[in-house]
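Visitor: Provided below for reference: sequence and predicted model.
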Amino acid sequence: MGKPSVVVVADALTGPADAMLRLCGMPHYPYIVTPFPVGNLNGDEIEARADTMITDVVRLLFDRATAGPASETGAADDQLVYDDAFEAIDDYTVRGWTDGLPIVPPTRERVDALLRTTTRPAHEVVVELTTRDGLDATVEQIAINAAMAGCRPAHFPLVLATVDAMADPRYNLHAHTATMAGAQQLVIVNGPIRHRLALQTGNGALGPGWPANNSIGRAVRLVIRNMLRSVHGEFDRAGFSHPGRFGWCIAEDDENSRWPVLAEQGPSPVPGDATSVYATVWQSSIINHDRRARAIVDELALTVRTACHANWLHHDAAADSSFYEGRPFLFVTGREHARVLSRDGFADFADLQAALYDGLTRPDTALRPVAIAGPAQVHFVYVHATGMQQTWFFAPFQSHNMVTRPVPPEFG
Amino acid sequence: MTISTLRPVPRPRASDPTHVRAGALRADGSYNVALVANGKPNSMELLDALASRLASRVDVREVRRYRKPSVSVAPADDDMAEIAEWAHAVLTAVGD
């Protein structure tokens, strides 16, 4: 733009700021650092803080000496050669190209096997983050990371469709892969593809032990880490982070669900094979043995409302966002709760959405309303988890909308 | 037997000539200043405090305030176009 500018960054966020400057080839661009946080200062403290900065503001506007040399742009080989697979795994780990666990070495043969499942050209850009100066990932680069995650060729169309969904601006991928909240990118699969890929939809469906679920979820996260640079020291600024960030892909038990499956709950239903992406910051498990549907709905609402009250998703703080109207609220429920809910008044999904919305927002003397725009933002996923009378609430990252995409059939 | 593997991260970038630091303001000028708040709490309040102090040291002709549509997205295209057309200098805060 060519305008002399002064940027103020809190000291907790200098890592992403420096990463951005390196990306732009201006690693020595000066900016003002102020102690974190700024958001909780009172008026007098804001004025005092400004007093500490104004000299630097003037200096940066009127004394703009040429910045230091641009970042190094040395050559990098696209192919690396090792004595054996173990050496490759060790080197990828040392280079920071893994999530901390061993990877499958992405040989040309493995990557080509994945690429043969799609008609899309290898060099096609699938996701691009303009807010990271155009960092992107092509079909081939996604295949490389999917191979590293342990994906088989049949998994790749689903991985690719999932990255397509993440690229939708409504999903706001940049924000929740850079937030201090350490958001997790949850992938939810519907349609017959669940059976073809042996995705787990029953007991244990949210956890480890399922090669398709776990490698597909991991592939998505490796793309985010490696290609979009959401790693600590660059764009990842998660304070605590979360084990769901190794990868989190779940599949709904479509056949046993009492309600429309997730991909068909929105205003633009996607029938058949579909993948949905949701960004979540924390989860609550609600275990309740009541046999009355209304009691369970009230308990779900109370739990969500209590947690949201304490975690920024209450109306006072979270309604002011361009993502408010579509902000989704996702529940994952198992067999027992689904039975009670559907048999005792909530066979119609719209009734269940309305009841929960009411529970989340009606006036209360102690708890502020949840920042949810309407009943349509309540979503349910059914997994055939049996025995425990349990539902999980996946709290949304506040600035995102859920996105669903069809999964094309495997080519060839 | 050796194995050959593929690189899973972006290639280092070549220098981009469009990324050049803007020149300094002249001491004897009169300036339009754009304040761009990212929407985090107190971001505009901090910028207002800086702008008032700047005006006591520099000839500030006019200050306009802009706020991003959301904390986590880029400024609106219309705002960026106006800033490019109108402003002589920009203050932005806060990465918080």
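Guide: Received the coordinates, thanks.
Visitor: what sits up against stretch A:84-93?
Guide: Around stretch A:84-93, the neighbours that count as contacts under CB atoms under 8 Å, 6 or more residues apart in numbering or on different chains are A:80, A:82, A:98, A:100, A:102-103, A:105, A:148, B:1-3, B:5, B:8. Where you see a C-beta, it was placed from the backbone N, CA and C, and this is true even at glycine.
Visitor: cool, and stretch B:82-94?
Guide: Residues contacting stretch B:82-94 (CB under 8 Å, 6+ apart): A:1, A:3-10, A:34, A:38, A:57, A:61, B:25, B:29, B:31-38, B:40, B:42-43, B:46-47, B:50-51, B:54, B:64, B:66, B:75.
Visitor: Low-confidence regions, chain B specifically.
Guide: Chain B contains residues with pLDDT under 70 at B:15.
Visitor: where does the closest residue in space to residue A:152 that isn't next to it in sequence land in three-state SS?
Guide: Once flanking residues are discounted, residue A:152 sits nearest to residue A:215: 7.6 Å by CB to CB, 6 or more residues apart in numbering or on different chains. Using DSSP: H, G, I helix; E, B strand; the rest coil as the criterion, the local structure at residue A:215 reads helix.
Visitor: thought residue A:215 was touching residue A:153?
Guide: No: Residue A:215 sits out of contact with residue A:153 when judged by CB atoms under 8 Å, with a separation of 11.7 Å.
Visitor: In terms of neighbours, single out the busier of the two.
Guide: Remark: of residue A:215 and residue A:153, residue A:215 carries more neighbours, 22 against 19, as counted by other CB atoms under 10 Å in any protein chain shown.
Visitor: where's the residue lying closest to residue A:15 once chain neighbours are set aside relative to residue A:4, distance?
Guide: Distance criterion CB to CB, 6+ apart; nearest residue to residue A:15, sequence neighbours excluded, is residue A:233 at 5.7 Å. For residue A:233, the distance to residue A:4 equals 29 Å [CB to CB, to the nearest Å].
Visitor: More neighbours: which of those two?
Guide: More crowded of residue A:233 and residue A:4, by other CB under 10 Å: residue A:4, with 19 against 12.
Visitor: list the contacts for the more buried one?
Guide: Counting by CB under 8 Å, 6+ apart, residue A:4 has contacts A:60, A:61, A:64, B:22, B:23, B:24, B:25, B:88, B:89, B:90.
Visitor: same thing with residue A:134?
Guide: residue A:128.
Visitor: Got the confidence number for it?
Guide: Looking at residue A:134, its pLDDT stands at 92.
Visitor: now the strands for chain A?
Guide: Here chain A has its strands, by DSSP state E, at A:5-10, A:32-34, A:79-82, A:125-129, A:135-138, A:184-190, A:248-251, A:274-287, A:329-333, A:378-382, A:390-396, A:403-406.
Visitor: For the last one, which residues meet the burial criterion?
Guide: Applying a neighbour-count criterion of 16 or more other CB atoms under 10 Å in any protein chain shown, the buried positions in strand A:403-406 are A:403, A:404, A:405, A:406.
Visitor: for it, packing partners?
Guide: helix A:156-167, strand A:274-287 (3 or more CB pairs under 8 Å, 6 or more residues apart in numbering or on different chains; DSSP states H and E).
Visitor: Might you quantify the distance of the longest one from its chain's geometric centre?
Guide: It stands for strand A:274-287. 10 Å (CA atoms, centre = their mean, to the nearest Å).
Visitor: mind listing what it pairs with, with the direction of each?
Guide: strand A:184-190 (antiparallel), strand A:390-396 (antiparallel), strand A:403-406 (antiparallel) (DSSP bridges).
Visitor: Buried deepest among these, which one?
Guide: Of all the strands paired with strand A:274-287, strand A:184-190 has the most neighbours on average by mean count of other CB atoms under 10 Å in any protein chain shown, namely a mean of 27.
Visitor: Just want the angle from it to strand A:378-382.
Guide: Interaxial angle of strand A:184-190 relative to strand A:378-382 (axes from the mean of the first three to the mean of the last three CA atoms, to 10 degrees): 60 degrees.
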